[in-house]
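A.B. asks: Predicted model follows, preceded by the sequence.
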Amino acid sequence: MKFKMAMIGGGLGSFIGPVHLMAARMDNMVELTAGVFSSDPEISRRSGLEYGLTEQRVYSSWQNMIESESRLPDHERPDFVCIATPNHLHYEPVLASIRAGFHVLCDKPLCLTVKEAHEIHNALVKHDKLFCITHNYTGYPMVKKAREMVGKGELGMIRRVVVEYLQGWLSEKEEEKGNKQAEWRADPAKAGIAGCMGDIGTHAFQLSEYITNSKVIKLYSQLNIFVEGRRLDDDGNVILNFEDGIRGILSASQVALGEENSFSIRIYGSKGSLSWRQMEPNSLLVRWKDRPFQVYRTGAGSESAGETAYKHSRLPAGHPEGFIEAFANLYRNFALHLKAYREGKPQNATYDYPGIEDGIRGMQFLEAVVRSSKEKRWAEI
């Protein structure tokens, strides 16, 4: 069974558009059938043709696309809409898609405010639609294994979380050098209230809550702007207080010169600890209190890695899997849920994906981080 996808954003020259398309097509469960790929009609047209669409299914505005596609008969209309636009163009297209009867898959962060996030949630409930937000790092097999180990209590009582997401690509003012990816991320009107924290800090926050299955209840942050004249944070540190007494530190930076995409998480319990790094994603290192260190590997079989991690592996052991495969796991799991939804069956919990609650939590995190840094005090979340 293939599900039909319409796409908003992600045209030629974008980073995330081709990622979405590769991920969506990997399991042969999703096909692109319509889209508007740019605010520039000509770029949208050329993108659609390049992506294999006919001119009749390529649109010049997302409003026109949603209106036109929603009128099609069931066997032609899209099953869901993918939103792959800058942050300020999430809220309205998401709401319009839901109200037109489409399920939605959306880039993070969800929108620009907590208020908008709750409105999206209410619309999903009212119209009984499914929603996925692309915190794709949860799709890595060894992240699944880490969550499973923590959930089973194998590490004992969790005490401490250290999560870092470090990049160096904005160490200079790239937004003034014609870099389109930098331009909108540095613009408060398009990126929202946070820069670095909105772009990559939300990934770190979501991963820490996902693996621990515990919510942050209070935080203290310091946001920094190191590049002179920049309007949004390009660096920051956050102290996290989780429920159940877990304590954590989150560090995010886009001015960590020399770093590429250094995303890592370490979790410390009373019986052992674990460590995972996105740049070496096929390994999960576990350090035990009373026995030798252990390394779990992607693709090593269900007996070693566990059933959930194994089902999110695509290749035999020793064959590297990475960013695209993890992203594809979100699409695959979302498609499986769409299939279960269509058949009136419950979703298989093994095939999880980030949903609307993750989107709301991300916005709550950003508002709390900005408030704490500005007021120099703890903020509840």
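C.D. replies: Alright, I've got the coordinates.

A.B. asks: chain center to the helix or strand harbouring Ile239, what's the gap?
C.D. replies: According to DSSP states H and E, Ile239 maps onto strand 235-242. In terms of C-alpha atoms, centre = their mean, to the nearest Å, the centre of strand 235-242 is set 19 Å apart from its chain centre.

A.B. asks: try stretch 25-40
C.D. replies: Using C-alpha atoms, centre = their mean, the offset of stretch 25-40 from its chain centre is 18 Å.

A.B. asks: ok so, going back, mind listing the strands the strand holding Ile239 pairs with, and their directions?
C.D. replies: Strand 235-242 has the following strand partners under DSSP bridges: strand 216-224 (antiparallel), strand 247-253 (antiparallel).

A.B. asks: In a markdown table, list the ones you listed along with mean neighbour count and distance to Met65.
C.D. replies: Yep, even glycine has a C-beta here, placed from its N, CA and C like the rest. As requested, the strands paired with strand 235-242 are exported to a markdown table (neighbours: other C-beta atoms under 10 Å; distance: least, C-beta to C-beta, whole Å):
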| stretch | mean neighbour count | distance to Met65 |
| --- | --- | --- |
| strand 216-224 | 19 | 37 |
| strand 247-253 | 22 | 34 |
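
A.B. asks: Lys376 is nearest to which of these?
C.D. replies: Checking the strands paired with strand 235-242 against Lys376 by C-beta to C-beta gives strand 216-224 as the closest, at 8.4 Å.

A.B. asks: ok, back up a step: what's next to the strand holding Ile239, contact-wise?
C.D. replies: With C-beta atoms under 8 Å, 6 or more residues apart in numbering as the test, strand 235-242 has contacts from 161, 196-197, 201, 205, 208-209, 212, 214-226, 247-256, 369, 372-373.

A.B. asks: Can you show me the CA trace of that strand as CSV?
C.D. replies: Output of strand 235-242 as CSV, limited to C-alpha atoms (Å, rounded to 0.1, in the frame of the first residue of the first chain):
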residue,chain,number,x,y,z
ASP,A,235,25.0,29.5,21.4
GLY,A,236,23.5,28.5,24.8
ASN,A,237,23.6,26.3,27.9
VAL,A,238,20.6,25.1,29.9
ILE,A,239,20.4,23.4,33.3
LEU,A,240,17.5,20.9,33.2
ASN,A,241,15.5,19.6,36.2
PHE,A,242,13.5,16.5,35.2
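
A.B. asks: what's next to stretch 115-128, contact-wise?
C.D. replies: Residues contacting stretch 115-128 (C-beta under 8 Å, 6+ apart): 91, 94-95, 98-99, 101, 104, 110-111, 129-131, 356, 359-360, 362-364.

A.B. asks: circling back: as JSON lines, the strands paired with strand 235-242 with mean pLDDT and distance to Ile324 would be great.
C.D. replies: Converted to JSON lines, the strands paired with strand 235-242 look like this (pLDDT from 0 to 100; distance: least, C-beta to C-beta, whole Å):
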{"stretch": "strand 216-224", "mean pLDDT": "98", "distance to Ile324": "29"}
{"stretch": "strand 247-253", "mean pLDDT": "98", "distance to Ile324": "23"}
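
A.B. asks: Need these in TSV (columns: distance to Gly344).
C.D. replies: Formatted as TSV, the strands paired with strand 235-242 follow (distance: least, C-beta to C-beta, whole Å):
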stretch	distance to Gly344
strand 216-224	36
strand 247-253	40
